[in-house]
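Student: A structural model of the following input is requested.
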Amino acid sequence: FTILGYNNMFLKLSASAAVRRTLSSRRFYVAPAGYDQYNLGDVKLQCGLTLPDATLAYKTFGTLNADKSNVIVYPSWYSGFHTDNEWLIGKDKALDPSKYFIIVPCALGNGQSSSPSNTPEPFNKARFPNVTLFDNVTLQHKFVTECFGIEKIKLVTGWSMGAQQTFQWGTLFPDMVERIAPFCGSARTS
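Tutor: The predicted model follows:
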């Protein structure tokens, strides 16, 4: 990670999620590298507002096979970065990129996708629109279908808010999603 913004110093450090949150509360900006962004264009949100020039940050692992049958979608959780999902990805891990094409889309508002911190006026900072699980999942669907031409997803899995997005994927797109594996999350927020 490169940490920017504290007395114009640049520090290099490998930080866990807990360290990152502690540092960010002390006016640091932590920006993990190594992800791509997909331009979604102007998107109408469930709240009725249109978010202009919305972007979805993502990272992929593995190779999409010719018939596009090896896709796993693994959404980030609330405030999670793509790097926070990497603990399950790797050879001999639950999500093996030598077998699967794994897509890790980052939630709106996480600081990498369209967020209060990177969206221009009039939707910057506290004026950023309320986004829902429905918004995140419909935009992720738009992304995987437009960017990769994916019609079937072998598995959607996620932790915490990623688990809630997993349930939403299964509900909204039951003909597209073959399996869901939500963990440490609920289908409904209380």
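Student: May I ask you to name the longest strand in the chain?
Tutor: The longest strand of the chain (DSSP state E) is strand 50-61.
Student: Tell me the neighbouring strands of that one, and mark each as parallel or antiparallel.
Tutor: Partners of strand 50-61 in the sheet, by DSSP bridges, are strand 36-44 (antiparallel), strand 101-105 (antiparallel).
Student: which of the residues in it are buried?
Tutor: Buried residues in strand 50-61, counting neighbours by 16 or more other Cβ atoms under 10 Å, are found at Leu51, Ala54, Thr55, Leu56, Ala57, Tyr58, Lys59, Thr60, Phe61. From N, CA and C alone the C-beta is placed, and that goes for glycine too.
Student: Could you give the average pLDDT over it?
Tutor: Mean pLDDT, strand 50-61: 96.
Student: ditto for stretch 161-168
Tutor: Averaging pLDDT along stretch 161-168 gives 95.
Student: quick one: contacts of the longest strand of the chain?
Tutor: The contact list for strand 50-61 (Cβ atoms under 8 Å, 6 or more residues apart in numbering) reads 34-45, 82, 89, 95, 97, 100-106, 108, 110, 112-114, 119, 123, 129, 139-140, 143.
Student: And the buried ones among the residues you listed, selectable in ChimeraX?
Tutor: Selection of buried members from those for ChimeraX, criterion 16+ other Cβ under 10 Å:
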select :35,38,40,43,45,82,89,95,97,100,101,102,103,104,105,106,108,110,112,113,114,119,123,129,139,140,143
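Student: What separation is there between Asp53 and Asn118?
Tutor: 11 Å (Cβ to Cβ, to the nearest Å).
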